[in-house]
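S.K.: sequence and predicted structure are below.
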Amino acid sequence: MVAREVCHGIFWVGAIDWDRRLFDELIPLPNGTSYNSYLIRGSEKTALIDTVDPAKEYELISNLVRKGVERIDYIIINHAEQDHSGSLPMILEFFPDAVIVTNEKCKDLLVALLHVPPERFKVIADRETLSLGDRTLEFLLTPWTHWPETQVTFLKEDRVLFSCDLFGAHVASSDLFMQDERATYISAKRYYAEIMMPFRGSIKGHLEKVRALPIAMIAPSHGPIYRDPAFILNAYGDWTADTVKNEVVIPYISMHGSTLKMVEQLIEALVARGITVKPFNLARTDVGELAMSLVDTATVVIATPTLLFGPHPQAIYATYLANLLRPKVRFASVIGSYGWGGKAVEGIVKMLDHVNVEILDPVIAKGLPDEAAMKGLERLADDILKKHKEINIV
């Protein structure tokens, strides 16, 4: 993708990864992604903000050559992860006088991950500024907006926030700026769920710092640029708030139909009580969509048969991910059936040690669920409704 002008003297020089379908060998990318690198020309100095994934370094170099860039004075690295920094060694070869500008933690990681010589760095502190002549960069340290070393960079005169992973979206698009609000909202929420949700507490604090800036435009490291900063700032305000919705997410797996029968009964019981239900068949679900559903839900019910002596491996995987993502869910329970070993519940509950939830009494049936099991599911639906009323979401 050719370089494009963001505004006068500022250019997008990154790369679009149309075909990438998996990130970290874990996160599905149904719409590809972009690696946004930005070139800023000041009256005296030129700066590059972040590089691109090393698989796309040729495209970054090509964009700089086509723009006639003969000198880069500063390379700002907002994040050490390789999709931001992986082309740094190549850029340093092309621009041997360039100085890498970042914080101390990021420097340490770049030296460890890429073997960049320590003498190439200029280490900055929180709120420190750097002059490009007629333009000024201000650095804000925002640890745990993904990794502990992440930072954002604010271009003061143009009021552009280069927000790193914060406010990003995994989307491959020829559009430089956001065009479709609904599609962008979904992509950004999915990105938040998969990458940012574990750091919700940190992000809430950093949002206040960012909101205090007179931002005219937000340029993240992935996805479209926001000409209307309020769009994504308000969305993050909602996602990181403590409020939850009158929803139940049911990740489930069933081997011979007994657990599925219980899931279907619970769905009917919850819907009859006015509760929104989002079931996910773990045999074929997209884990990104499951993660996105966890952003707002009040309750999670994990449904699993017992395989040998414990939960089904697919249920273990989903529970592990939920525990890792640390959603703001308030209540959780387990339903399912077993043949001769009934240890599935204990296994699932033990795995939720990073999620601050109240465990509601589970419903477990031996074999095909009988009348008692069906009554148990009605009781569980009543318990969920009661809890949702207690926190005023019904």
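M.R.: Yes, it's here.

S.K.: I'd say Arg21 and Thr33 touch.
M.R.: No: if you go by Cβ atoms under 8 Å, Arg21 and Thr33 don't touch, sitting 9.6 Å apart. (Glycine included, C-beta is placed from N, CA and C.)

S.K.: who has more neighbours out of the two?
M.R.: Taking neighbours as other Cβ atoms under 10 Å, Arg21 and Thr33 compare with Thr33 leading, 27 against 12.

S.K.: ok, what's across the strand from the more buried one?
M.R.: In this entry, Thr33 is beta-bridged to Asp17, by DSSP bridges.

S.K.: for Val2, what are its contacts?
M.R.: Neighbouring residues of Val2 by Cβ atoms under 8 Å, 6 or more residues apart in numbering: Asn63, Arg66.

S.K.: what does Pro117 give?
M.R.: By Cβ under 8 Å, 6+ apart, the residues touching Pro117 are Val111.

S.K.: next one: it from Ile124, what distance?
M.R.: Computed with Cβ to Cβ, to the nearest Å, the distance linking Pro117 and Ile124 is 18 Å.

S.K.: enumerate every residue touching Gly14.
M.R.: Residues near Gly14 by Cβ under 8 Å, 6+ apart: Met1, Ser34, Tyr35, Asn36, Ser37, Tyr38, Val52, Lys56, Glu59, Leu60, Asn63.

S.K.: among the residues you listed, which are in helices?
M.R.: Among the contacts of Gly14, DSSP state H puts Glu59, Leu60, Asn63 in helices.

S.K.: the first one contacts Asp17, doesn't it?
M.R.: Read that as Glu59. No: here Glu59 does not reach Asp17: they are 9.5 Å apart, not a contact under Cβ under 8 Å.

S.K.: any stretches of this protein with poor pLDDT?
M.R.: For the chain, the stretches flagged by pLDDT under 70 are 342.

S.K.: that older thread, of all the contacts of Gly14, which comes closest to Leu290?
M.R.: Nearest to Leu290 among these, counting by Cβ to Cβ, is Ser34 at 24.0 Å.

S.K.: so how far is stretch 128-144 off the chain centroid?
M.R.: With Cα atoms, centre = their mean, to the nearest Å as the basis, stretch 128-144 stands 25 Å off its chain's centre.

S.K.: just stretch 283-300 next, same as before
M.R.: Using Cα atoms, centre = their mean, the offset of stretch 283-300 from its chain centre is 13 Å.

S.K.: and for stretch 293-306?
M.R.: With Cα atoms, centre = their mean as the basis, stretch 293-306 stands 19 Å off its chain's centre.

S.K.: try stretch 323-343
M.R.: 23 Å.

S.K.: quick one on the thing from earlier: I'd like the contacts of Gly14 laid out as TSV, including distance to Lys204 and neighbour count.
M.R.: Conversion of the contacts of Gly14 to TSV gives the following (distance: Cβ to Cβ, whole Å; neighbours: other Cβ atoms under 10 Å):
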residue	distance to Lys204	neighbour count
Met1	34	19
Ser34	27	29
Tyr35	27	25
Asn36	24	27
Ser37	28	27
Tyr38	27	23
Val52	30	31
Lys56	33	23
Glu59	36	22
Leu60	34	26
Asn63	36	22
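
S.K.: endpoints of stretch 160-179, how far apart?
M.R.: This stretch, stretch 160-179, spans 18 Å end to end (Cα to Cα, to the nearest Å).

S.K.: what residues sit buried inside it?
M.R.: Of all the residues in stretch 160-179, those buried under the rule 16 or more other Cβ atoms under 10 Å are 160-173, 176, 178.

S.K.: next, Pro279: phi, psi?
M.R.: phi -90, psi 150 (degrees, to the nearest 10).

S.K.: neighbours of it, how many?
M.R.: Here the number of neighbours of Pro279 (other Cβ under 10 Å) works out to 18.

S.K.: quick check: it touching Gln265?
M.R.: No: here Pro279 does not reach Gln265: they are 12.0 Å apart, not a contact under Cβ under 8 Å.

S.K.: re earlier: list just the nearest of the contacts of Gly14 to Phe231.
M.R.: For these, the nearest to Phe231 is Asn36 (17.3 Å; Cβ to Cβ).

S.K.: no more questions from me, cheers.
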